[in-house]
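Asks: Quick check, what structure comes out for this input:
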Amino acid sequence: MKKIPWQDRPKNSNEIIWRYSENPIINRFAIPNSNSVFNSAVVPFEDGFAGVFRCDNKAVQMNIFAGFSKNALDWEINHKPIQMKAGNTTMIDSDYKYDPRVVFIDDRYWITWCNGYHGPTIGIGYTFDFKEFFQCENAFLPFNRNGVLFPQKIDGKYAMLSRPSDNGHTPFGDIYLSYSPDMKYWGEHRCVMKTAAFEQSGWQSTKIGAGPIPILTSEGWLMLYHGVINTCNGFRYAMGAAILDKEQPDIVKYRTRDYLLGPAVNYEQVGDVPNVVFPCAALHDIEEDKIAIYYGAADTVVALAFGHISEIIEFTKNNSF
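Replies: Model (predicted):
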């Protein structure tokens with residue numbers, strides 16, 4: 001197993017999740033003409049790592065780009081966006097692409113993203129080598145965001161989390177689960193988790209959405225997610241965790257009342273969209289009890305945080321509501 005990025009918890013810190021001291025790891029001008037690079041996804045690949053990155057250009061057009069790294073810290077991102085070929089459909093229209101997730105299932109790497117097709121919906125594609133990409137049918141009708149696949153089939157079917165939304169900045173949103181036999185037709189939609197009452201947990205009272213690919217643990221599926229509160233100064237995004245039942249992941253066993261990581265330092269509080277911590281990917285090592293979480297900060301840069309999986313699980317169980 002490849003060594004994931006790691007930095008020990010700072011001395012005198014009692015945080016469950018702690019930030020990488022060299023953040024941000026990818027700056028907003030990482031490629032020519034980029035305005036920002038954020039909300040991106042990474043996976044182990046060959047002798048290193050590969051990723052799909054959201055890069056908005058200086059016209060603020062949203063698109064996704066492939067990238068590679070030997071250590072998952074220093075990234076070389078292609079200067080041209082991914083060009084899709086026909087996968088299980090010839091309909092590959094897209095007005096924009098953003099907020100990708102990537103997961104290896106069976107024999108290929110699957111990519112999901114927010115796809116512009118008469119409004120935002122969930123686009124699906126796949127690649128074998130991060131050089132040639134194939135686009136499939138959109139999973140859902142507009143409007144939808146935050147499509148996150150499980151890393152293995154459940155009861156013989158592909159499973160995906162998403163957040164039905166509207167065509168704007170979405171002042172609402174709950175997490176749903178859907179199944180597919182073939183990555184083309186989706187159904188069996190189930191509500192997984194709704195926003196919290198403000199009095200219970202204000203940071204996730206406006207909307208919530210799944211983050212990185214869920215991780216299977218002895219307690220169930222560990223799902224990191226973002227939660228949003230609508231403050232007098234606009235939306236504020238933070239990160240929490242939930243544990244879903246292994247066999248029926250629409251059942252929530254535990255869910256954090258307190259957030260695990262919220263915007264508190266300059267690169268999270270200042271940017272194109274202030275006060276945003278938006279997790280999109282995680283590299284983990286169950287045996288070493290480590291997780292490295294990649295998150296978009298202030299919709300401008302990519303940052304990294306670390307934690308111990310066992311501590312996150314215990315925090316989620318003890319802090320649940």
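Asks: The closest residue to Pro10 other than its chain neighbours in helix, strand or coil?
Replies: Distance criterion C-beta to C-beta, 6 or more residues apart in numbering; nearest residue to Pro10, sequence neighbours excluded, is Trp18 at 6.1 Å. For the C-beta atoms, the positions are set from N, CA and C on the backbone; glycine is no exception. Using DSSP: H, G, I helix; E, B strand; the rest coil as the criterion, the local structure at Trp18 reads strand.
Asks: count of neighbours near Trp18?
Replies: For Trp18, the number of neighbouring residues by other C-beta atoms under 10 Å comes to 16.
Asks: Could you do Thr316 as well?
Replies: Thr316 - counted by other C-beta under 10 Å - has 24 other residues nearby.
Asks: Does the strand or helix carrying it pack against any helices or strands, and if so which?
Replies: Per DSSP states H and E, Thr316 falls inside helix 309-318. Where contact means 3 or more C-beta pairs under 8 Å, 6 or more residues apart in numbering; DSSP states H and E, helix 309-318 is packed against strand 215-217, strand 220-231, strand 234-244, strand 252-255, strand 290-297.
Asks: among these, which is nearest Phe133?
Replies: Closest approach to Phe133 among the helices and strands packed on helix 309-318 (C-beta to C-beta): strand 290-297, 20.2 Å.
Asks: ok so, going back, and the helices and strands packed on helix 309-318, which is most packed in?
Replies: Counting by mean count of other C-beta atoms under 10 Å, strand 290-297 has the highest mean neighbour count of these, with a mean of 26.
Asks: what sits opposite the residue nearest to Pro10 in the beta ladder?
Replies: Trp18 forms beta bridges with Phe306, as assigned by DSSP bridges.
Asks: For the strand or helix carrying Ser178, C-alpha coordinates in PDB please.
Replies: Using DSSP H and E, Ser178 falls within strand 175-180. C-alpha atoms of strand 175-180 as PDB (Å, rounded to 0.1, in the frame of the first residue of the first chain):
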ATOM      1  CA  ILE A 175     -28.500  13.700   1.500                       C
ATOM      2  CA  TYR A 176     -30.200  10.900  -0.500                       C
ATOM      3  CA  LEU A 177     -29.100   7.400  -1.600                       C
ATOM      4  CA  SER A 178     -29.800   5.900  -5.000                       C
ATOM      5  CA  TYR A 179     -29.000   2.500  -6.600                       C
ATOM      6  CA  SER A 180     -28.100   1.400 -10.100                       C
END
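Asks: May I see the buried residues of the host helix or strand of Val192?
Replies: If you go by DSSP H and E, Val192 is part of strand 187-193. For strand 187-193, the neighbour count (16 or more other C-beta atoms under 10 Å) marks 192-193 as buried.
Asks: what does stretch 282-290 give?
Replies: Across stretch 282-290, burial judged by 16+ other C-beta under 10 Å covers 282-284, 290.
Asks: Export these as a markdown table, with columns for secondary structure and pLDDT.
Replies: As requested, the buried residues of stretch 282-290 are exported to a markdown table (DSSP: H, G, I helix; E, B strand; the rest coil; pLDDT from 0 to 100):
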| residue | secondary structure | pLDDT |
| --- | --- | --- |
| Ala282 | strand | 98 |
| Leu283 | strand | 98 |
| His284 | strand | 98 |
| Lys290 | strand | 98 |
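Asks: Tell me the one of those residues nearest Met183?
Replies: Within the buried residues of stretch 282-290, proximity to Met183 (C-beta to C-beta) peaks at Ala282, which comes in at 22.3 Å.
Asks: Ser310 versus the spatially closest residue to the closest one that is not a sequence neighbour, what's the distance?
Replies: What sits nearest to Ala282 in space, not counting adjacent residues and going by C-beta to C-beta, 6+ apart, is Pro212, at 3.9 Å. Separation of Pro212 from Ser310 (C-beta to C-beta, to the nearest Å): 17 Å.
Asks: The two: who's more crowded?
Replies: Neighbours around Pro212 and Ser310, counted as other C-beta under 10 Å, are more numerous at Pro212. The numbers are 26 against 14.
Asks: so what's the more buried one up against?
Replies: The contact partners of Pro212, taken as C-beta atoms under 8 Å, 6 or more residues apart in numbering, are 41, 101, 148, 224, 279-282, 293-294.
Asks: ok, now Ser165?
Replies: Ser165 sits next to 120, 143-145, 172-173 when contact means C-beta under 8 Å, 6+ apart.
Asks: residues contacting Leu73?
Replies: Each residue near Leu73 by C-beta under 8 Å, 6+ apart is listed here: 5, 22, 25, 304.
Asks: In PyMOL, how would I select just the buried ones from those?
Replies: In PyMOL, a selection of the buried entries from the contacts of Leu73 looks like this (16+ other C-beta under 10 Å):
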select buried, resi 5+25+304
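Asks: Return the closest of the contacts of Leu73 with respect to Asp107.
Replies: The nearest member of these to Asp107, counting by C-beta to C-beta, is Pro5 at 26.7 Å.
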